[in-house]
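Peer 1: The following block contains a protein sequence and its predicted model.
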Protein chains: 2
Amino acid sequence: MDRARIAIDVEGGDFGAEVIIRGIIDALRSCGSPLSVFLCGDKAEIERILDKENDVDERIRNAINIVHCSERATAHQGWRSRVWKHQRNASIIRCITLQEQGIVDGSVSAGDTAILLGAALFVLGRRKGEARPALAALLPTMKKKPVLLLDVGANLNCRPEHLSAFAFMGLDYLTHMYDAPSPTVALLNVGKEQVKGTAVIGETEKILRKRCAAFAGFVEGNGVLSGDTDIVVCDGFAGNVLLKACESFYQLIESVVRKKPNLITELREQMAVFNSENYGAVPFLGIKGIVLKAHGSSSPRAIESAVLAAERAIRKNASKRVFV
Amino acid sequence: MDRARIAIDVEGGDFGAEVIIRGIIDALRSCGSPLSVFLCGDKAEIERILDKENDVDERIRNAINIVHCSERATAHQGWRSRVWKHQRNASIIRCITLQEQGIVDGSVSAGDTAILLGAALFVLGRRKGEARPALAALLPTMKKKPVLLLDVGANLNCRPEHLSAFAFMGLDYLTHMYDAPSPTVALLNVGKEQVKGTAVIGETEKILRKRCAAFAGFVEGNGVLSGDTDIVVCDGFAGNVLLKACESFYQLIESVVRKKPNLITELREQMAVFNSENYGAVPFLGIKGIVLKAHGSSSPRAIESAVLAAERAIRKNASKRVFV
């Protein structure tokens, strides 16, 4: 592979195109491998912002392509998962169609999850054998290795067959993208005993116990970060709440120890992945394509991380074929 | 009120009666107000443990009553919520019947939530006008005041009328137990916009917007600990995961900074409430009675906190009538 090509929705973030573009420039500066970016949004605005940034040299400018998008995706009415049908020239949709056309290898958006998922699912298609795509986040644990939490927001209501499919998707992803030797998977629940949990959880447990050799039983909210299991499966509501609570906790710790500069530096370093700026974006698994969802409230630093995560996925995918 | 009388299930914890009884002795030592405890469990074992503990002086011993319970609650078959019907002499059920008989003012158990809730609900009854009891946990925030999170595990599946009822229960509880002047309540969701979330969340939002003057809209997982809202309402699955994730995070931080004694002391002090040892037990709201659920894996310190929390609830209730 010559260079990774990434489409980025510059209009999806809560803080506007300026923040997203600043992050993209930082990613182009810090990426060690050749990289091309396709900025999807209002051309005049993108050019105005690029002109204002004073560290856009020739190398950076040559790596940037602008894809003018005349529409704005509106999530306020109708089915968000069908926005792709009617607003194909909105930046969040355009990222995906560029990938469908083979112009880019992966996409990053900080826009609406349901709109992005709808486009990814219906324009790129689902991977063979997968029931539903899921968003997967990698979190640090008390051991040296991270834990993969999925779903973190793509499927708010899940049936047992969806949850059990997430287990296999997670195993596949960890094995191929991170070369994990023999990952284990646990099911998020309110207790460890078999009698605990909802009917959906109970059914899922039965399926996994039967079909999934890597299944390690239930895990509670307080065991997710223990590092005892490599993958934690849950519905998108619980996963989203859990992921965001970790962020919140990080901020709380920062506010507690802000007065001690040494301490906060060390904490920042060691807890870095919980800072949403650093995990930046999470991939959809189960999609035939590389689509990353960044946080709506992404900072330039978060967008930089998101672009670099997409670049890493594209490179890895070129040999391992995780997203085809 | 002369002295608060508390029934305690010494058999409910994951680590056995010894740990629970150690915590009770510590609570009797540290409680500033007169307190009587009723230890429900195997009489011979309780006496053996009390004899072994070398700081049980006459004052402490006089405050302890032993209530022999010959059965063991079994959660492994049938409906856990109906254990109270068939095993009335199991320690977890006996705590509740003692309260029904007016022998104690409140109960604490670290046993199975569904068994405890079934007994509380059917033996003591629900408060007038309440649809379903909920477990409510008080968490620290980035501001000076805490946030009340409910439900944290009593109701894993909730309909909109349950979630909206929790909002009113939480408001009532904070106002009376903690003299909060004008608390606000938010609904946990995966986003802040109206289009976000499940159908149940959407319906709940409509009900609360119409009927609840204190309703402040949606809150995401990363806003729970911000202190911007006083109460966060969610189903028991999401709440349980969120609460336990906070514990987990506390442990993670401890493990990161263990090498620095000063730092960890400061963190311990300021983040103390996230340590499950300190929040110890959470009350059921919506029950005609004071029933606290302690963590299954409670340490003596956690049980001490639980007993003191029950004592506080009993004293406050004597004037404010929150649990009748």
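Peer 2: Structure received. Numbers count the residues shown, from 1 in each chain, chains lettered A, B, ... in the order given.
Peer 1: use CA for all of it now, contacts and neighbours both
Peer 2: Fine.
Peer 1: which SS state does A:A137 fall under?
Peer 2: At A:A137 the chain is in strand, as set by DSSP: H, G, I helix; E, B strand; the rest coil.
Peer 1: Then A:S36?
Peer 2: Following three-state DSSP, A:S36 is assigned to strand.
Peer 1: what's around it, how many residues?
Peer 2: 20 (other Cα atoms under 10 Å in any protein chain shown).
Peer 1: before we move on, what about A:K52?
Peer 2: Neighbours of A:K52 (other Cα under 10 Å): 11.
Peer 1: From chain B, how far off is it?
Peer 2: 32 Å (Cα to the nearest Cα, to the nearest Å).
Peer 1: mind checking pLDDT for that residue?
Peer 2: Reading off the confidence values, A:K52 has pLDDT 94.
Peer 1: I'd like to know the phi and psi angles of it, please.
Peer 2: phi -70, psi -40 (degrees, to the nearest 10).
Peer 1: Now do it against A:L171, distance only.
Peer 2: For A:K52, the distance to A:L171 (Cα to Cα, to the nearest Å) stands at 45 Å.
Peer 1: So which bits of stretch A:112-129 are buried?
Peer 2: A:112-121, A:123-127 (16 or more other Cα atoms under 10 Å in any protein chain shown).
Peer 1: Find the nearest non-adjacent residue to A:C158, please.
Peer 2: A:D235 (5.8 Å; Cα to Cα, 6 or more residues apart in numbering or on different chains).
Peer 1: How about A:V241?
Peer 2: B:G221 (4.4 Å).
Peer 1: wait, isn't the one you found in contact with A:F249?
Peer 2: No. Counting by Cα atoms under 8 Å, B:G221 stays clear of A:F249, with 9.9 Å between them.
Peer 1: Going along the chain, name the strands of the stretch 1-150 of chain A.
Peer 2: A:4-9, A:35-41, A:64-68, A:106-109, A:134-139, A:147-150 (DSSP state E, counting those that start in this stretch).
Peer 1: can you tell me the average pLDDT over the helix or strand harbouring A:E203?
Peer 2: In this structure, A:E203 is located in helix A:199-211 according to DSSP states H and E. The average pLDDT within helix A:199-211 is 97.
Peer 1: Now look at the next helix or strand after it and say if it contacts chain B.
Peer 2: In the C-terminal direction, the helix or strand that comes right after helix A:199-211 (DSSP H and E) is strand A:215-219. No. On the criterion Cα under 8 Å from any Cα of the partner chain, strand A:215-219 is out of touch with chain B, staying 10.0 Å away.
Peer 1: number of nearby residues for the closest residue to chain B within the stretch 1-150 of chain A?
Peer 2: Relative to chain B, the nearest point of the stretch 1-150 of chain A is A:M142 (5.8 Å; Cα to the nearest Cα). A:M142 is flanked by 20 other residues according to other Cα under 10 Å.
Peer 1: next one: A:A213
Peer 2: Neighbour tally, A:A213, other Cα under 10 Å: 10.
Peer 1: And for A:A199?
Peer 2: With other Cα under 10 Å as criterion, A:A199 counts 14.
Peer 1: Equivalent analysis for A:L35, please.
Peer 2: 19.
Peer 1: so it makes contact with A:M1?
Peer 2: No. Taking contacts as Cα under 8 Å, A:L35 lies outside contact range of A:M1: 10.8 Å.
Peer 1: Enumerate every residue touching A:A119.
Peer 2: Going by Cα atoms under 8 Å, 6 or more residues apart in numbering or on different chains, A:A119 touches A:81-84, A:93, A:96.
Peer 1: let's go with 6 Å and repeat that
Peer 2: Under the criterion of Cα atoms under 6 Å, 6 or more residues apart in numbering or on different chains, the neighbours of A:A119 are A:W84.
Peer 1: Report the separation between A:V232 and chain B.
Peer 2: On the measure of Cα to the nearest Cα, A:V232 and chain B end up 12 Å apart.
Peer 1: make that A:A281, sorry
Peer 2: In terms of Cα to the nearest Cα, A:A281 sits 16 Å off from chain B.
Peer 1: Distance-wise, check that residue relative to A:S81.
Peer 2: Separation of A:A281 from A:S81 (Cα to Cα) stands at 20 Å.
Peer 1: Looking at those two, which one has more neighbours?
Peer 2: Taking neighbours as other Cα under 10 Å, A:A281 and A:S81 compare with A:A281 leading, 31 against 19.
Peer 1: which one is that one nearest to, not counting chain neighbours?
Peer 2: Per Cα to Cα, 6+ apart, closest to A:A281 is A:A294, 4.0 Å.
Peer 1: wait, A:P160 sits on A:T204?
Peer 2: Yes. Applying Cα atoms under 6 Å, one finds A:P160 in contact with A:T204, separated by 4.6 Å.
Peer 1: ok, back up a step: how many residues are close by the closest residue to the residue of the stretch 1-150 of chain A closest to chain B other than its chain neighbours?
Peer 2: Of all residues not flanking A:M142 in the chain, A:S226 sits nearest, at 5.2 Å (Cα to Cα, 6+ apart). Other residues near A:S226 come to 21 when the count uses other Cα under 10 Å.
Peer 1: check contacts around A:P183.
Peer 2: The contact partners of A:P183, by Cα under 6 Å, 6+ apart, come to A:D230.
Peer 1: Quick check: it vs chain B, distance?
Peer 2: Taken as Cα to the nearest Cα, the span from A:P183 to chain B is 21 Å.
Peer 1: Which helix or which strand is home to that residue?
Peer 2: Short version, using DSSP H and E: A:P183 is in no helix or strand.
Peer 1: And it, how far from B:R80?
Peer 2: Taking Cα to Cα, one finds A:P183 at 34 Å from B:R80.
Peer 1: just the helices in the stretch 51-200 of chain A please.
Peer 2: A:58-63, A:83-86, A:91-100, A:113-119, A:160-177, A:199-211 (DSSP state H, counting those that start in this stretch).
Peer 1: Format those as a markdown table; extra columns: distance to B:E254.
Peer 2: Converted to a markdown table, the helices of the stretch 51-200 of chain A look like this (distance: least, Cα to Cα, whole Å):
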| stretch | distance to B:E254 |
| --- | --- |
| helix A:58-63 | 42 |
| helix A:83-86 | 46 |
| helix A:91-100 | 41 |
| helix A:113-119 | 34 |
| helix A:160-177 | 28 |
| helix A:199-211 | 31 |
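Peer 1: ok, of those helices, where does mean pLDDT dip lowest?
Peer 2: For the helices of the stretch 51-200 of chain A, where the average pLDDT is lowest is helix A:83-86, sitting at a mean of 86.
Peer 1: ok, the closest residue to A:E53 other than its chain neighbours to A:A90 distance?
Peer 2: Excluding the flanking residues, the one nearest A:E53 by Cα to Cα, 6+ apart is A:R22, at 7.9 Å. A:R22 is 21 Å from A:A90, where distance means Cα to Cα.
Peer 1: Check A:P300 too.
Peer 2: 22 Å.
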